[in-house]
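Peer 1: Following is a predicted model, sequence given first.
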Amino acid sequence: MDQALLLLLDATNYVLVIILVAMGLVIVFGLMRVINMAHGELFLLGAYTLVLLQQAGVPYWIGLIAATLLVGFIGLLMEELVIRHIYHRFLDTILATWGISIAIKQGVVLLFGPGAQSTAAPITAQLEIFGASYPAYRLFIMAVALLVVAGTFYLFFRTRFGLAARAVIANRSMAGCLGVPTRTFDRLTFAYGAALAGLAGAVMAPIMSVDPQMGLGFLIPAFLSILVGGAGHLAGPVLGAGLIGATDSVTAGLWSPVMAQVVVFAMAVVAIRLFPGGLIGRGGPR
């Protein structure tokens, strides 16, 4: 029972972080029809920013907020300098963001080297949960992810900003004619999606190896989550991440990480074959 509980908690932790990453991807795709191949590197930048700030003596909590804001600002620069010029050229957005991802990764290697970095978790306590000991910091990660996901749903479905954003998604031309500043929403949406990736990277940095390849380990599951769940609603990546993350964690715990990858990709292929538009459909967040 203890092992089963620990496996469940680890799977929940993994799923919630994937949701953060996938939600940033699906928001950007829904509003701007841009597949951001550099999203994993934004996750990477969040982790490295936290490591750098902690090495400089900045408290973890300030570093977490600063990393999130900085990566959001980098996303804003990406949109302003590159993405906005190629909105209507779908393949070009893939190539451009892929090029940005390579540039970011190589820049990190030049600045920090190819080796792994590490940082200490701010919470080292262990909590007893039904007789099983579990790191309190991992529970903190779950709490942060849940709050941010809930806040994102509230932002898009319970505020005037969300109403305007969904209007742009539904019909950009009509929204613009009605006075909605579509360019402003493009900037803010891309920055928000980037900030979600940066937050995920920063909050995960203390419990994993911070290296130039770490973003890929979350980008692929995030894309699979969107393909399985669908890009038609913000709930799509939530459902997809639950299926992908839980399958990966449980299979890796009961079998092996290699077999987990085989099972996850096989499940994704079957799901895409049976539900080409995803389990919740395709389109923009509604």
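Peer 2: Arrived safely.

Peer 1: Okay, L111 and L279: tell me how far apart.
Peer 2: 41 Å (Cβ to Cβ, to the nearest Å). Using the backbone N, CA and C atoms, a C-beta is placed for each residue, glycine as well.

Peer 1: Between those two, tell me which one has more neighbours.
Peer 2: Between L111 and L279, counting by other Cβ atoms under 10 Å, L279 is the more crowded of the two (18 against 9).

Peer 1: Contact partners for that one?
Peer 2: If a contact means Cβ atoms under 8 Å, 6 or more residues apart in numbering, then L279 has V228, G229, G230, G236, L239, G240, A271 as its contacts.

Peer 1: Just those: which are in helices?
Peer 2: V228, G229, G236, L239, G240, A271 (DSSP state H).

Peer 1: Could I get the contacting residues of the nearest residue to V58 once chain neighbours are set aside?
Peer 2: Of all residues not flanking V58 in the chain, A66 sits nearest, at 7.2 Å (Cβ to Cβ, 6 or more residues apart in numbering). By Cβ under 8 Å, 6+ apart, the contact set of A66 is T49, L53, V58.

Peer 1: May I ask which of the ones in helices among the contacts of L279 has the most neighbours?
Peer 2: Neighbour max across these (other Cβ under 10 Å) = G240, 31 neighbours.

Peer 1: What pLDDT is listed against that one?
Peer 2: We note a pLDDT of 90 for G240 in this prediction.

Peer 1: mind checking how far the closest residue to it other than its chain neighbours is from Q55?
Peer 2: Computed as Cβ to Cβ, 6+ apart, the closest residue to G240 that is not its neighbour in sequence is G229, at 2.7 Å. Taking Cβ to Cβ as the measure, G229 falls 38 Å from Q55.
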